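Peer 1: need the 3D shape of this:
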Amino acid sequence: MKKILILHGPNLNLLGTREVSIYGKATLEDIDKALMASASNLGVELKIVQSNHEGELVELIGKAKEEFDGILINPAAYTHTSVALRDALLASGMKAVEVHLSNIYQRESFRHESITAPACVGQISGFGLKSYVLGLDALVDQLEQDSK
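Peer 2: Predicted coordinates for the structure are as follows:
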C-alpha cells in the first residue's frame, strides 16, 4: 500500500475562521476528513501534519523517503518565500504535488510566483478543499505510473 505524507503549512490551522472570503469555510479538520475518505477510495495510507514552522516542514520532507512514497504539500505562505522547502523537496527525490485552496494567480502579485512548484510534479490551486482531493488523486496516479 502506498503511503503519502500530507503537509499543511503555516496558518492553515486557522481555516474556517481566517479570511473566509478567500479560503472558504472549510476547516483543516474538514480537509483532513476529505483526504482520508479519498485515500480510502484510492487504497493509500496517509500521515497528515500541519506546522507553522519552516524548519519542521523541511525536516519532515528530509525524512519522508524513509517511510513515504509521495508528498502532498500546501506550503501556504512559504510557497513564495522558502528556498529551504524547495531544496528539501528536490533533495528528497520524491514525487510531490503542491496544492492551494485559493487561486494564487488571482491574488496579490507577490503570490504569483511559487518557489516550491518547480520541485513538484504539478500544482493545483483555486478549488478550495477540492484542490487537496484533486492533488491526492493526481499524486497517486503519478506514483502508479512510476510502478508500471
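
Peer 1: in contact with C120: list those residues for me.
Peer 2: 73, 89, 96-98 (Cβ atoms under 8 Å, 6 or more residues apart in numbering). From N, CA and C alone the C-beta is placed, and that goes for glycine too.

Peer 1: now the phi/psi pair for it, please.
Peer 2: When quoted as degrees, to the nearest 10, the phi and psi of C120 stand at phi -120, psi 160.

Peer 1: how close does it sit to T17?
Peer 2: 28 Å (Cβ to Cβ, to the nearest Å).

Peer 1: show me the longest helix that occurs in this protein.
Peer 2: If you go by DSSP state H, the chain has its longest helix at helix 129-146.

Peer 1: just the CA atoms of it, as CSV, please.
Peer 2: The C-alpha atoms that make up helix 129-146 are tabulated as CSV, following Å, rounded to 0.1, in the frame of the first residue of the first chain:
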residue,chain,number,x,y,z
LEU,A,129,-11.0,21.8,-0.3
LYS,A,130,-11.3,20.1,-3.7
SER,A,131,-7.7,21.2,-4.5
TYR,A,132,-6.4,18.7,-1.9
VAL,A,133,-8.6,15.8,-3.2
LEU,A,134,-7.6,16.5,-6.8
GLY,A,135,-3.9,16.8,-5.7
LEU,A,136,-4.0,13.5,-3.9
ASP,A,137,-5.7,11.8,-6.9
ALA,A,138,-3.0,13.2,-9.2
LEU,A,139,-0.2,12.2,-6.9
VAL,A,140,-1.4,8.6,-6.6
ASP,A,141,-1.8,8.4,-10.4
GLN,A,142,1.8,9.6,-10.8
LEU,A,143,3.0,7.0,-8.3
GLU,A,144,1.1,4.3,-10.0
GLN,A,145,2.5,5.3,-13.4
ASP,A,146,6.0,5.0,-12.0
